[in-house]
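Trainee: Here is a sequence together with a model predicted from it:
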Amino acid sequence: MYKVFWGNKHFEKIGMVGAFIFVLFLAVLLKPPAGQGASVDAQSHSLKCSFGTRNVQTVYIDLKDSSIQIEAEIAGGQIGKVDSLANIAARSKNANTEVVAAINGTFFSAYQGIPFPWGTIQSRGVYHHLGNTGASVGFTRDNQFLMDCLFISIKGGINGSYEWPNKWYAWGFNHHYTTPDALSIFTPAHGNTTGPHSYTSAVVENNRVTQIVQGEARIPANGYTIVFGDSMWLDCFKIGNELSYRLEYNRTDFSGSVKPGVPISWENAYTTIGAGPSLLKNGRITANGAAEGFTDPKITTNRGLRSFIGIRPDRVLVMGTVPNVSIRELAEVAQRLGLTDAMNLDGGASSGLLYKGKYLTTPGRLLSNGLVITQQKGTPQKATPTPVIRVLLDGKPLSFDTAPINDGGRILVPMGRIFEALGATVHWDSTSRTATAIRNDRTVRLQIGAREAFINDQPYKLDVPGKIVGGRTLAPLRFVGEAFGADVKWNGGTQTVTITSPDNVIQDIPIHQPAGEPPAFAGYLGNINSKQYHRIDCHYAGKETPEDLVFFESKKEAQAAGYIPCKQCNP
């Protein structure tokens, strides 16, 4: 171990092979961004995964571009209709907006009866349908990304009161339930009428009950119609009563029966699609359909053509399709694309991906709904943004409050942050504008604006002088890395700086943990070529490249994927 001092703060940094291997795994999660350039871009990837190679069709959307909007559209503008993905997407087009991409949305009844959706659909701030199984993806008006197992409750009130006996509740929107104790709200998104049924209908216009009808009833354009089977609600829905309702948002509790769990923040969502199951949460694979209420093997275990949506750390939304994968395998694909949060959408013949009017993946049937990416017309083509420069120290990504920059082809990096990570003590002299770093028997000095730095009082010629950016000292990359004997490499294609610390930084590293002690990090690493899985701290796993590694949370998961234990570390 070694200690790093910065100002009056200090911390211990673990010098274990286990930590080194684990950060290689993190490097897999944070692979260099693809699809940078225009605000919306499409790419086809051939990804090598633990289960084989798959061709992945993807569309990348930069959510930082305020001209971009994500919309949910229903076929024909009405629940229970179907149409082509291209026609569904075209519903978002108007005089000021063009459609740039679209993907299929939530599940629906594709094989029998009326093609009603199964999951949640919110369009332009209005909910058209609710479903509490799986996960939901949402977007605010300013393109903030939301993803959670969303349970929405509808709580109603009468004449301004939400207390008993003036409270009521509905199960959903635009959905016919077979049980008589259910209440359902039918909105104009369902059409002009509720459709045939044997229950009671209360027509609500301008927030007041205007009509009670047995069976099918009209749906007013300025209100909604409540369908209920239990006569106890007749006292609540008397003609003339003022009705209102509000929504409550919770994380779905799947233990036992599906029910609302802890409250979550979803009130600012403008667009929502519910499908699932989730694939990734905070970079970790979830991908457990049974744990999110699914029972159909098509979702829980089987392979098939699948669609997904997720987010990268740089707020780039990624939508895509992958052939012949299980949910667990789809999660690995999403992970290898650098996503931190991702979820499954409807799949199979419903999988469709549209980019600038052309299908990248053509659906095998008409669809009920979709997610549509629009852009304001007349928006200048976004110039290729300055790529984010990533810095890896011994495979571990470093974070900065001031990002590295490319200054006329020379890479400048935050000197203090990197020296800190290498175990140096850094001092700043504001009078002379000089940074001094000391580690062991080496002293490094750099003065802002000077063409020379000094290492143990020996001059070191700089390609470009150091400068102050965002209150931080930025210095030429090679100088920062080599000042304390580290090896530095720059990959212009991926905009990645790779720094390998000198041998004497990581001292006395055992190949394995002491007998009887657990690894420093829970889980196991598998090699997709040898099909062996290793302890996190295994010396042999440390020789593998990040692209060949896959993470398993347990031995059981590794063995189920066809991996055998390493004979050296005996996991």
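Mentor: Cool, the structure landed.

Trainee: Run through the strands of the stretch 151-300 of the chain in chain order.
Mentor: Using DSSP state E, counting those that start in this stretch, the strands of the stretch 151-300 of the chain run over residues 167-170, 172-173, 183-186, 200-205, 208-214, 223-228, 243-253, 259-263, 269-275, 278-281, 284-285.

Trainee: quick one: the spatially most central residue of the chain and residue 280, what's the gap?
Mentor: With distances taken as CA atoms, centre = their mean, residue 341 lies nearest the centre of the chain, 2.4 Å away. Distance, residue 341 to residue 280, by CB to CB, to the nearest Å: 6 Å. Yep, even glycine has a C-beta here, placed from its N, CA and C like the rest.

Trainee: Mind listing the shared neighbours of the two?
Mentor: Counting by CB atoms under 8 Å, 6 or more residues apart in numbering, the contacts common to residue 341 and residue 280 are residue 310.

Trainee: Check whether residue 338 really touches residue 311, as I assumed.
Mentor: No - counting by CB atoms under 8 Å, residue 338 does not reach residue 311; the two are 9.9 Å apart.

Trainee: Report whether the expected contact of residue 499 with residue 419 is present.
Mentor: No - Residue 499 is beyond contact range of residue 419, at 11.1 Å (criterion: CB under 8 Å).

Trainee: coming back round to it: my read: the residue nearest to the centre of the chain touches residue 285, true?
Mentor: No - applying CB under 8 Å as the test, residue 341 and residue 285 come out as separate, 11.4 Å apart.

Trainee: which residue packs closest to residue 354, ignoring adjacent ones?
Mentor: Sequence neighbours aside, residue 102 is the residue nearest to residue 354 in space, at 4.3 Å (criterion: CB to CB, 6 or more residues apart in numbering).

Trainee: Neighbours of the one you found, how many?
Mentor: Other residues lying near residue 102 total 28 when counted by other CB atoms under 10 Å.

Trainee: ditto for residue 123
Mentor: 22.

Trainee: what's it in contact with, if anything?
Mentor: Taking CB under 8 Å, 6+ apart, we find residue 123 in contact with 71-74, 271.

Trainee: same deal with residue 42?
Mentor: By CB under 8 Å, 6+ apart, the contact set of residue 42 is 35, 57-60, 101, 355-356, 360.

Trainee: chain center to the helix or strand harbouring it, what's the gap?
Mentor: Here residue 42, judged by DSSP states H and E, is contained in strand 40-49. Centroid separation for strand 40-49 versus its chain: 17 Å, with CA atoms, centre = their mean, to the nearest Å.

Trainee: Mean confidence (pLDDT) on that strand, please.
Mentor: The pLDDT scores in strand 40-49 average 91.

Trainee: before we move on, the earlier item: need the strands of the stretch 151-300 of the chain in a markdown table with mean pLDDT, can you?
Mentor: Shown next, in a markdown table, are the strands of the stretch 151-300 of the chain (pLDDT from 0 to 100):
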| stretch | mean pLDDT |
| --- | --- |
| strand 167-170 | 94 |
| strand 172-173 | 97 |
| strand 183-186 | 97 |
| strand 200-205 | 97 |
| strand 208-214 | 96 |
| strand 223-228 | 97 |
| strand 243-253 | 95 |
| strand 259-263 | 95 |
| strand 269-275 | 97 |
| strand 278-281 | 96 |
| strand 284-285 | 92 |
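
Trainee: Output those strands in a markdown table; the columns should cover distance to residue 39 and mean neighbour count.
Mentor: Listed next are these as a markdown table, based on distance: least, CB to CB, whole Å; neighbours: other CB atoms under 10 Å:
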| stretch | distance to residue 39 | mean neighbour count |
| --- | --- | --- |
| strand 167-170 | 39 | 16 |
| strand 172-173 | 32 | 21 |
| strand 183-186 | 37 | 24 |
| strand 200-205 | 42 | 21 |
| strand 208-214 | 45 | 14 |
| strand 223-228 | 37 | 23 |
| strand 243-253 | 29 | 17 |
| strand 259-263 | 34 | 13 |
| strand 269-275 | 17 | 25 |
| strand 278-281 | 23 | 24 |
| strand 284-285 | 29 | 18 |
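
Trainee: would TSV of those with distance to residue 297 be doable?
Mentor: Output for the strands of the stretch 151-300 of the chain, formatted as TSV (distance: least, CB to CB, whole Å):
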stretch	distance to residue 297
strand 167-170	32
strand 172-173	26
strand 183-186	30
strand 200-205	38
strand 208-214	42
strand 223-228	33
strand 243-253	21
strand 259-263	25
strand 269-275	17
strand 278-281	18
strand 284-285	20
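
Trainee: Compare those and give me the one nearest residue 473.
Mentor: Residue 473 lies closest, by CB to CB, to one member of the strands of the stretch 151-300 of the chain: strand 284-285, at 35.3 Å.

Trainee: Could you name the helices and strands sitting against that closest one?
Mentor: helix 327-336 (3 or more CB pairs under 8 Å, 6 or more residues apart in numbering; DSSP states H and E).

Trainee: hey, C-alpha coordinates of the helix it packs on in CSV?
Mentor: Below are the C-alpha coordinates for helix 327-336, written out as CSV (Å, rounded to 0.1, in the frame of the first residue of the first chain):
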residue,chain,number,x,y,z
ILE,A,327,-31.9,-11.1,-21.7
ARG,A,328,-28.6,-11.9,-19.8
GLU,A,329,-26.7,-11.8,-23.1
LEU,A,330,-28.3,-8.6,-24.2
ALA,A,331,-27.2,-7.0,-20.9
GLU,A,332,-23.6,-8.0,-21.7
VAL,A,333,-24.0,-6.3,-25.1
ALA,A,334,-25.3,-3.1,-23.4
GLN,A,335,-22.4,-3.3,-21.0
ARG,A,336,-19.8,-3.6,-23.8
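
Trainee: Compute the inter-axis angle for it and strand 40-49.
Mentor: 120 degrees (axes from the mean of the first three to the mean of the last three CA atoms, to 10 degrees).

Trainee: partners of the very next helix or strand once past helix 327-336, with directions?
Mentor: Downstream of helix 327-336, the next assigned helix or strand under DSSP H and E is strand 341-344. According to DSSP bridges, strand 341-344 has the following sheet partners: strand 278-281 (antiparallel), strand 304-311 (antiparallel).
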